[in-house]
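> With the sequence up front, the predicted model follows.
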Amino acid sequence: MMTAVKTCLHFCMHWTDFSETRWTKVGLCGRYFLRSLCIGIDKLAYLAMKHDAVCKWHLGGFSKRCGDSVRQYLATAALSARPSEAMIFELMEDDRFLLTHDRCLEVLLDEHRYLELAPAYFYETISAILNVDCDWYRTSVLESSLTSISYLQMDMFGSLSAEPLKYVIGNL
């Protein structure tokens with residue numbers, strides 16, 4: 001039993017590198033970090049820092065760099081990146097955007113709808129971990145998701161309604 005608990009904890013303390021300039025990993029990074037917060041990584045780090053037998057080389061940055069704003073940012077990114085990530089996965093299946101743009105848009109909007117229709121306890125649980133207002137967190141996730149969708153609409157889907165592409169769609 002103890003091995004199973006140790007394995008689960010170790011799994012939940014696996015993260016990936018994050019950079020604000022490389023947005024392709026922001027959702028994954030946020031989900032890994034949120035998963036760690038769910039198991040109480042902040043309390044584990046605090047206990048480890050107090051213990052003399054623990055090497056503090058990597059732990060020192062946790063309390064300094066993982067303040068409330070970072071936690072809120074990553075938790076928001078964990079969910080709000082879902083629509084754009086789903087569209088990227090759809091494009092990986094078939095990258096012929098002129099042919100698959102309708103399906104890509106459908107996937108994008110379906111993922112956003114999933115975030116909109118998520119039950120209240122979903123956002124309540126995460127906001128309790130972050131110690132923030134539930135309505136604020138839900139609004140933050142939905143606004144970030146819509147911002148991302150807006151950029152995709154402007155940069156990708158918007159070009160399909162402009163000349164010359166608007167004449168060739170459906171004729172390929």
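On my side now, so go ahead.
> What residues of stretch 142-150 count as buried?
Leu142, Ser144, Ser145, Leu146, Ser148, Ile149 (16 or more other CB atoms under 10 Å). C-beta: built from backbone N, CA, C; applies to glycine.
> ok, now stretch 97-113?
Neighbour count says stretch 97-113 has Thr100, His101, Cys104, Leu105, Val107, Leu108, Glu111, His112 buried, by 16+ other CB under 10 Å.
> And those residues, which is closest to Ala4?
Glu111 (32.8 Å; CB to CB).
> quick one: Arg31 from Leu109, how far?
To Leu109, Arg31 is 21 Å away according to CB to CB, to the nearest Å.
> Filter the buried residues of stretch 97-113 down to the ones in helices?
Counted as lying in helices by DSSP state H, out of the buried residues of stretch 97-113, are Thr100, His101, Cys104, Leu105, Val107, Leu108, Glu111, His112.
> Save the buried residues of stretch 97-113 as a markdown table, and put in distance to Asp68 and pLDDT too.
Below are those laid out as a markdown table (distance: CB to CB, whole Å; pLDDT from 0 to 100):
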| residue | distance to Asp68 | pLDDT |
| --- | --- | --- |
| Thr100 | 40 | 85 |
| His101 | 40 | 85 |
| Cys104 | 35 | 90 |
| Leu105 | 35 | 91 |
| Val107 | 33 | 95 |
| Leu108 | 30 | 94 |
| Glu111 | 27 | 96 |
| His112 | 26 | 97 |
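> Alpha carbons only: can I get stretch 95-109 in CSV?
The C-alpha coordinates for stretch 95-109 follow below in CSV (Å, rounded to 0.1, in the frame of the first residue of the first chain):
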residue,chain,number,x,y,z
ASP,A,95,-3.3,19.4,-41.6
ARG,A,96,-5.2,20.5,-44.7
PHE,A,97,-6.7,23.5,-43.1
LEU,A,98,-8.7,24.6,-46.1
LEU,A,99,-10.5,21.2,-46.1
THR,A,100,-10.8,20.8,-42.3
HIS,A,101,-11.5,24.3,-41.1
ASP,A,102,-15.1,23.6,-40.3
ARG,A,103,-14.2,20.6,-38.2
CYS,A,104,-11.4,22.6,-36.5
LEU,A,105,-13.8,25.4,-35.6
GLU,A,106,-16.3,22.9,-34.3
VAL,A,107,-13.7,21.3,-32.0
LEU,A,108,-12.6,24.7,-30.8
LEU,A,109,-16.1,25.8,-29.9
